[in-house]
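Q: any chance you can model this:
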Amino acid sequence: MARFHIPPPALPSPRLRGRGWRSWRGPRTWAGVDRRPPPVRRGRSSPATAAAAITSAGAQPGTATEPPRYGADPGPYPRSSPCAMDWQPDEQGLQQVLQLLKDSQSPNTATQRIVQDQKLKQLNQFPDFNNYLIFVLTRLKSEDEPTRSLSGLILKNNVKAHYQSFPPPVADFIKQECLNNIGDASSLIRATIGILITTIASKGELQMWPELLPQLCNLLNSEDYNTCEGAFGALQKICEDSSELLDSDALNRPLNIMIPKFLQFFKHCSPKIRSHAIACVNQFIMDRAQALMDNIDTFIEHLFALAVDDDPEVRKNVCRALVMLLEVRIDRLIPHMHSIIQYMLQRTQDHDENVALEACEFWLTLAEQPICKEVLASHLVQLIPILVKGMKYSEIDIILLKGDVEEDEAVPDSEQDIKPRFHKSRTVTLPHEAERPDGSEDAEDDDDDDALSDWNLRKCSAAALDVLANVFREELLPHLLPLLKDLLFHPEWVVKESGILVLGAIAEGCMQGMVPYLPELIPHLIQCLSDKKALVRSIACWTLSRYAHWVVSQPPDMHLKPLMTELLKRILDGNKRVQEAACSAFATLEEEACTELVPYLSYILDTLVFAFGKYQHKNLLILYDAIGTLADSVGHHLNQPEYIQKLMPPLIQKWNELKDEDKDLFPLLECLSSVATALQSGFLPYCEPVYQRCVTLVQKTLAQAMMYTQHPEQYEAPDKDFMIVALDLLSGLAEGLGGHVEQLVARSNIMTLLFQCMQDSMPEVRQSSFALLGDLTKACFIHVKPCIGTTPIAWLFAHSLVSQCLDATRVGVGAEMQPYVQMVLNNLVEIINRPNTPKTLLENTAITIGRLGYVCPQEVAPMLQQFIRPWCTSLRNIRDNEEKDSAFRGICMMIGVNPGGVVQDFIFFCDAVASWVSPKDDLRDMFYKILHGFKDQVGEENWQQFSEQFPPLLKERLAAFYGV
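A: Below is the predicted model:
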């Protein structure tokens, strides 16, 4: 089974199979961390524990409202109606609630559990319970602030879970109390009330609470600081959570009044208020809200006025605004770009790291703009040293990373060390001529960096240097090399470590310029793998992986063998972080070296298998990836009795230890899929129990999904990742075992299950099931053939998932495909002509059309004119390979059947033919005959006129290779 993969840019993070880098374009990542995590608001998290049971008591509250007035004079804002104000809690019940609030803060976990699991559930039976919670939050000022805030957070959770079932008087009482007390003297209570307000609003209440926004805007005019700040805090949270709704007709576009109102407060005397005002407006930049676009010049003018504000939170929000404006309204910034760059250079060095981090984002965003080179080139001499300085670990970083702990391999991983792992289906892409052959972009990002998992200045600086290296290429090196020499050989380990990170960050963009220095630098980096500091050893692993392609291009004894030897030692390092980095780096080296590693397989397997007994939980998952990548890289060379005996026992032992519901199965199944494909018949002794368990996992997941669909109140939704990994391993078995899988399929109900999977609501399930269908078609078409009439193949293509079923049209099927060609061809032609179709889908659709044309040319050729142009443009950038070969043979055969179908777009066919570097002799001959046949048909004079349209390079290649 062909598995094509679009590799994203590599950065220093653990690799896990099938989980590619997120795109640089939002959220950006470095070392597996989103560059713009969702805003975390202090005090908004759900409490781990909560308060408990009371008796229902008290009168029912009422409401009072006033007509909406945006931005009016403050005046006397509304108070509760008499019945709401008269509501008083039962004293005994109130004392019970207070006691339970205190119990929920107890350090005794048993006490907390009783509160959370028993008493809170009892209390929520009583609608009045929520009256008690809001009463404690807003009126019981004799209690300490944490207890009052906790009461509000429990109420917030109740609102999230049950607000639609609140009796209207209770809901009205809560809303009135929030508005009446938004100006509480305590900032913690104000923040909690703001959270509660936006939670109610997010439950669809913005439309049902028409007085909310007008009253909050009125309160901004209050001369009382607490009232103004509390109202702004609530508005900021509403803007964060409901930005689209605020700019919609559903609310009569309140932003038209709110944006100008916010802009007035940019000049407020309080820095907190100024910060709130900027943060509110910032929420609407990326969506280009019309109300903001109408005031964009005033907004930018006000931002410039605040650029040197004394308050770091204000400066941070100014930087954030400029970064977003750079992306969506660069036209308004260009006249001021020199001044903005100078400002951001200063702010990237701000003494407040949060400000520096926001400013550093500017360079990442600027690198994506077409004007980057033009506006930034003259500033590189200032910028590069600033970014390099930002890449050094701070003291707090080292503390968080336990940088002074050198050996921790015996310390078991804690639960928080192990991030939840989600499987990604094996998808198909094709290698492109435009992609760098060094593979340096192939790594993964989806793991944390332990305690330092937040996006920080070090990671942002390194990411900025990476993207700028891709913009400026070798032009960056004169500014960087003098710094780099001092850093790499610095006596202080923390400085040397930052230099190694710098060297890795520029690897992709500056590779050509770095080549002359690599014969000296690579041995130095290999030497750093033995450094006494674990953090130096780990970053050296990553940086070396960034230069793996160059290492492999040299004679093996020069760099490959020493690097492989040292990385294998580091895989058995005493430090878990180094183990992790070494495993990831070795997997990258495996992908680059491929069969170059065959002479060392015994040594490699000895090391990897020994690591099974050495690794803690987290690194064990990364070890599976290294083994699976090794299998992918060396292929059938792994199918030797000696290697099988070393590798399979520990894998099967882990396989037997894990239960069906254990998510550690994901990486193990992925690993086994690659191993089974590589071992081929060598996997036969292990195949039956593995096959049966995979079928069982699919069957159980489908059954759970059906029960959940029928009775969602009784059953939980199943985790379909179990089904996806099982389908992928079955694909690996079918590919590796070939015809040997026929008996296993015959004794199982996999075709019935596959039919259900192909209609699943989750795209990843459908992808994997279509891939398995393709592999079973190749391995045992005898079992697929009876099901084709009922299998939703046409539905499959119509839903744009043809890329996962390529191999169902393998040449070996031949005439068996004829009855089904028309079933799918119309959908294929529709997809290849569809605007904005993803490039990968276009390529795979073109491959499939070509293959169909190869096995059934008479059936496909009549439609040639409808797809030949997009077919040629889709495949012109694909590297020479077997997929491309079979597709072009098909198109040549179709042209033979219907030459008129290509006449109108023959120039595109010529261009596609010229994209071949070294076609096989018989395919070259097919091209030759078609080109000369067309030339002979139109005559020499017409051909000369026709070929005048060719770009010079195309004309040159066709003349050199085909004599036309």
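
Q: next one, pLDDT for L727 please.
A: Here the pLDDT value assigned to L727 is 95.

Q: check which helix or strand the nearest residue to it once chain neighbours are set aside maps to.
A: Among residues not flanking L727 along the chain, S768 sits closest, at 3.9 Å (Cβ to Cβ, 6 or more residues apart in numbering). Any C-beta I mention is one placed from the backbone N, CA and C, and that applies to glycine too. Per DSSP states H and E: S768 is located in helix 763-779.

Q: just checking, the residue nearest to L727 touches I724?
A: Yes. Here S768 reaches I724: they are 5.0 Å apart, a contact under Cβ atoms under 8 Å.

Q: in the stretch 601-750 of the chain, which spans are helices?
A: In the stretch 601-750 of the chain, the helices defined using DSSP state H, counting those that start in this stretch lie at 601-612, 617-634, 641-657, 665-679, 684-710, 721-737, 742-746, 750-757.

Q: run a quick neighbour tally on Q125.
A: 9 (other Cβ atoms under 10 Å).

Q: one more: T147?
A: T147 has 18 nearby residues by other Cβ under 10 Å.

Q: same question, L953
A: With other Cβ under 10 Å as criterion, L953 counts 10.

Q: contacting residues for the closest residue to it other than its chain neighbours?
A: Among residues not flanking L953 along the chain, A914 sits closest, at 8.0 Å (Cβ to Cβ, 6+ apart). A914 makes contact with L953, L954, R957, L958, F961 under the criterion Cβ atoms under 8 Å, 6 or more residues apart in numbering.

Q: one step back: comparing the helices of the stretch 601-750 of the chain, which comes out most buried?
A: Among those, ranked by average contacts under mean count of other Cβ atoms under 10 Å, first place goes to helix 721-737 (a mean of 28).

Q: for the host helix or strand of L235, name the packing helices and strands.
A: Assigned by DSSP H and E, L235 belongs to helix 225-241. In terms of contacts (3 or more Cβ pairs under 8 Å, 6 or more residues apart in numbering; DSSP states H and E), helix 225-241 is packed against helix 187-200, helix 212-219, helix 271-282.

Q: ok, which of these comes nearest L842?
A: Of all the helices and strands packed on helix 225-241, it is helix 271-282 that lies closest to L842, at 37.7 Å by Cβ to Cβ.

Q: what angle sits between that closest one and helix 187-200?
A: Relative orientation of helix 271-282 versus helix 187-200 (axes from the mean of the first three to the mean of the last three Cα atoms, to 10 degrees): 20 degrees.

Q: mind listing what's buried in the helix or strand that comes right after the helix holding L235?
A: Toward the C-terminus, helix 225-241 is succeeded by helix 243-246 as the next helix or strand (DSSP H and E). Residues of helix 243-246 classed as buried: S243, L245, L246 (neighbour count, 16 or more other Cβ atoms under 10 Å).

Q: turn the residues you listed into JSON lines, including pLDDT and distance to L773.
A: Below are these laid out as JSON lines (pLDDT from 0 to 100; distance: Cβ to Cβ, whole Å):
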{"residue": "S243", "pLDDT": "88", "distance to L773": "43"}
{"residue": "L245", "pLDDT": "87", "distance to L773": "43"}
{"residue": "L246", "pLDDT": "90", "distance to L773": "47"}
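
Q: let's have the residues you listed in TSV, adding distance to E520.
A: Below are the buried residues of helix 243-246 laid out as TSV (distance: Cβ to Cβ, whole Å):
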residue	distance to E520
S243	53
L245	60
L246	59
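
Q: returning to that earlier point: figure out which of the helices of the stretch 601-750 of the chain is closest to R546.
A: Short answer: helix 617-634, nearest of the helices of the stretch 601-750 of the chain by Cβ to Cβ, at 16.4 Å.

Q: next, the angle helix 721-737 makes with that closest one.
A: Between the axes of helix 617-634 and helix 721-737, defined by the same axes, to 10 degrees, the angle is 30 degrees.

Q: show the contacting residues for R288.
A: Shown in contact with R288 (Cβ under 8 Å, 6+ apart): V328, R329.

Q: quick check: the gap between it and R329.
A: Relative to R329, R288 is positioned 8 Å away (Cβ to Cβ, to the nearest Å).

Q: which neighbours do the two have in common?
A: With contacts taken as Cβ under 8 Å, 6+ apart, not a single residue reaches both R288 and R329.

Q: related to what we said a few turns ago, could you measure from the residue nearest to L953 over to R924?
A: Counting by Cβ to Cβ, the gap from A914 to R924 is 12 Å.

Q: quickly list what's touching both of the two.
A: Residues touching both A914 and R924 by Cβ under 8 Å, 6+ apart: F961.
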